[in-house]
Structures are given as C-alpha cells and as structure tokens.
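Enquirer: Pasting the sequence and the predicted coordinates here, then a few questions.
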Number of protein chains: 2
Amino acid sequence: MTYQESLSALADPTRRRIFEAIAQSPQPVGALAKTLPISRPAVSQHLKVLSDAGLVLCRVEGTRHIYAARPDGLAQLRAWLDRYWDKVMDGFAEEINGGGGLDD
Amino acid sequence: MTYQESLSALADPTRRRIFEAIAQSPQPVGALAKTLPISRPAVSQHLKVLSDAGLVLCRVEGTRHIYAARPDGLAQLRAWLDRYWDKVMDGFAEEINGGGGLDD
DNA sequence: ATTCTTGGTAAGTCATTACTTACCGTAATC
DNA sequence: GATTACGGTAAGTAATGACTTACCAAGAAT
C-alpha cells in the first residue's frame, strides 16, 4: 500500500500490461492469462503483487475472481511523484542560484 | 532514456536516495559514497543506471566526476505517468457507465 | 617522475524475482 | 455425488540485480 510498492510493482513490464488490461476492463484471471505469453499462475502472482501495492482489487463471482484497477493506488503514486518532483526542483533551483551559497 | 528505464531506476530505494542527494546538490562520486552505506563502486554502478535512464548527467572536473540531476528525466517520467493515468481513468470511466455492456 | 587521489570496470557472490509444473480447495454443472 | 471450470499456493529453477573486492587508467600534487 505504499508508493514504493506501487513503484516497483509497475516497474515490471508484464505487470504494467496486466494493470492496463484490467484498467480497460475488469477481467477474471484466466481470460487475462489467455492474452499474455505467461502461465495462469504467473498472472495470479503478478496480481498478488499489484493487489499488495493497492493498485488492484478483486470481486469474487462464484469461482471467478474478477480483478479491476483501483485508481486510488495510481493516484497515490502520482501524488508521490509530484512531491518528489517538487523536492528535486527545489534542490535544482538552489543549485542554479548559488548552490550552497545563497549569496547574491 | 525511456520512461521504463526511469521507472525501474527509481524503483530502487538506494537509487532514489542517490538521485535525491545529487538533486539537492551535485556531488562527486566519492563524497556521495561517504554518505551511503555502500561501497564507491556500487555508487558508480547506480549512477550508470541513473545516467542510462537520462535522470542524471555528469561533468568532469579533473579526476572528479560531478553528477547532477537532470530534471528532464523526471519530467518525462511524470509525463508518462500522467498519460498512463488518463488511459487508466478512461478505462475506469467506461467501466462505470456500462463497461463492455452498454445496455441499461 | 613518482605518488596520491579519483572513479570506472571486471569478476564473482548472494539474494531476489519471474517463471514453470504440480497440487489443492471451492463453486458450478451434469 | 461425480466431474468440470476456476484460481490460489507450494516448490523448484533460471535469470536478474545489488553488492563486494581487485584492478586499472588518468589527472594532481609533491
């Protein structure tokens, strides 16, 4: 549920594909696996990672586990990146107008 | 130089620390290593990853290699995340007002 | 010119991780 | 109730990656 989990979860290309796929339309695990070059258990494991990161949630319909993207998760990652951006730009600005100095 | 490289580069906590540090003020490799719990070669290797991702650049002053953050790199990552966000939200919106169905 | 500082690269190790197959439980179907 | 569809978990493997020490090249300093 932290931005770090979201970050490393989405760092994997396969997980990005999965997340994108279920973001476009929620799907059960098997259907998802058919569209991917990996086995169903592999998809299950990726979904667990995405779920632990809070990027995804699951509703159970009978034996079908239908996964859907959870916008909050992505929102948190965006929020982190924005704060990070600000911090970095602050440092960068300091560097430009005098670095350690502040004198001018 | 792609967003994927930036993403996986910043997925590593140590690399985030390094990036943040040199964003606050550009530093030579050795000075950077002193503030971190890892060896200087390890720092060098992290810097190479950050550099390949376009997040960092280096100016040479004698034997000193002074690394600085490159805002463009982060900007590209932010831009990607924003587009990604839009895409995901599109899918999410579709899902809400009818999804695959459209019937109701 | 030699010595010292600085930092990149090579090679090897250990942990992590992305995948596989095999297995098990549970809900639907006949 | 037996069978089939669905999916999570266990266990093992192969690749990746973060680190180490050892080494080498190049500029500074004495």
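Expert: Sure thing, it's come through.

Enquirer: Specify the local secondary structure of residue A:37.
Expert: In three-state terms, and counting by DSSP: H, G, I helix; E, B strand; the rest coil, residue A:37 is coil.

Enquirer: Next one: the longest helix seen in chain A, is it in contact with chain B?
Expert: The longest helix of chain A (DSSP state H) is helix A:71-96. Yes - in this structure, helix A:71-96 sits against chain B according to CB under 8 Å from any CB of the partner chain; the contacting residues are A:71, A:74-75, A:77-78, A:81-82, A:84-85, A:87-92, A:94-95. C-beta here means a position set from N, CA and C on the backbone, and glycine is covered the same way.

Enquirer: ok, of the residues you listed, which come out buried?
Expert: Of all those considered here, the ones buried according to neighbour count by 16 or more other CB atoms under 10 Å in any protein chain shown are A:71, A:74, A:77, A:78, A:81, A:84, A:88, A:91, A:92, A:94, A:95.

Enquirer: can you redo those residues as CSV with distance to residue B:8?
Expert: Shown next, in CSV, are these (distance: CB to CB, whole Å):
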residue, distance to residue B:8
A:71, 23
A:74, 17
A:77, 14
A:78, 18
A:81, 15
A:84, 16
A:88, 18
A:91, 23
A:92, 23
A:94, 28
A:95, 26
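
Enquirer: could I get the residues you listed as a markdown table with pLDDT?
Expert: Conversion of these to a markdown table gives the following (pLDDT from 0 to 100):
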| residue | pLDDT |
| --- | --- |
| A:71 | 92 |
| A:74 | 94 |
| A:77 | 94 |
| A:78 | 94 |
| A:81 | 94 |
| A:84 | 87 |
| A:88 | 81 |
| A:91 | 75 |
| A:92 | 71 |
| A:94 | 69 |
| A:95 | 69 |
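
Enquirer: interface residues of chain A facing DNA strand C?
Expert: Chain A comes close to DNA strand C at residues A:8, A:12, A:14, A:37-39, A:41-42, A:45-46, A:49, A:62-63, as judged by CB under 7 Å from any atom of the strand.

Enquirer: Looking at those residues, which one is closest to chain B?
Expert: Distance ranking of these against chain B, using CB to the nearest CB, places residue A:8 first at 4.3 Å.

Enquirer: Determine if any part of stretch A:38-47 is in contact with DNA strand D.
Expert: Yes - figure legend: stretch A:38-47 in contact with DNA strand D (CB under 7 Å from any atom of the strand); contacting residues A:40, A:41, A:44, A:45, A:47.
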